[in-house]
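Trainee: the sequence and its predicted three-dimensional model are supplied below.
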Amino acid sequence: MTADEILAPTYVQMLGALSQWLDKAAQQLGGTEADALLAARLAPDMFPLSTQIRFACVQALEGMHRLRDEAFPPVVEELLDEGRDAGDAPGSMADAQARLEQTTAMVRSLAEDLSTGDPERMIAHELPMGMIFDLSVEQYARDWALAQFYFHLMTAYAILRSEGVALGKADYVTHMFGYLRPGTMPARTE
């Protein structure tokens, strides 16, 4: 399996899950209370929920463009700026959902004609502080792209849980129910 066959479906699937978590928060808490969650943090030195959402979007878009060996589109810088400013301007759930929808559509579009080409092609991944990692396409997908994406995704999940949104494992793995063998779902007992 190639990096593009792993990254694109993973991004689409899990950005969809994040969108569902935000929907659940809005249903449970209502508009203004749900919007207030966007400023919530797990720890004082961590970015708020609004940033985690935007940075998950950034990771998906960066991953797809790096696989294509293309420059990032302007929306990546917009998301980074919004994420950096989210402590002061977290936005609304509608804003977050719009970014998730936009990112998912872009990932789907990029995946239509994606080919990573040579799996041994090297990707020079430079961080803002000047560190540069030299990774093969496979190493980049496995060791950076997925790890960074899931970090922001799971931090968003943890913030929502810590703020009282009723999420559970089934919300995290909703995609797995498509593989459920008929007749094997346990009956609910209450």
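Mentor: Now that the structure is in, tell me what you want to look at. Residues are numbered from 1 along each chain as shown.
Trainee: flag the shaky bits of the chain, pLDDT-wise.
Mentor: 1, 114-117, 189-190 (pLDDT under 70).
Trainee: what about A124, neighbour count?
Mentor: 10 (other C-beta atoms under 10 Å). Where C-beta positions appear, they are placed from N, C-alpha and C, glycine not excepted.
Trainee: so which bits of stretch 135-143 are buried?
Mentor: Going by neighbour count (16 or more other C-beta atoms under 10 Å), the buried part of stretch 135-143 is 135-141.
Trainee: same question for stretch 161-180.
Mentor: 163, 165, 167, 171-172.
Trainee: mind putting those residues into TSV with secondary structure?
Mentor: Listed next are the buried residues of stretch 161-180 as TSV, based on DSSP: H, G, I helix; E, B strand; the rest coil:
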residue	secondary structure
E163	coil
V165	coil
L167	coil
D171	helix
Y172	helix
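Trainee: do a quick rundown of the strands in this protein.
Mentor: For the chain, the strands defined by DSSP state E cover 122-126, 132-136.
Trainee: can you put the ones you listed in a markdown table and add distance to L110?
Mentor: Formatted as a markdown table, these follow (distance: least, C-beta to C-beta, whole Å):
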| stretch | distance to L110 |
| --- | --- |
| strand 122-126 | 16 |
| strand 132-136 | 20 |
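Trainee: these: which one's closest to Y179?
Mentor: Minimum separation from Y179 across the strands of the chain (C-beta to C-beta) falls at strand 132-136, 30.3 Å.
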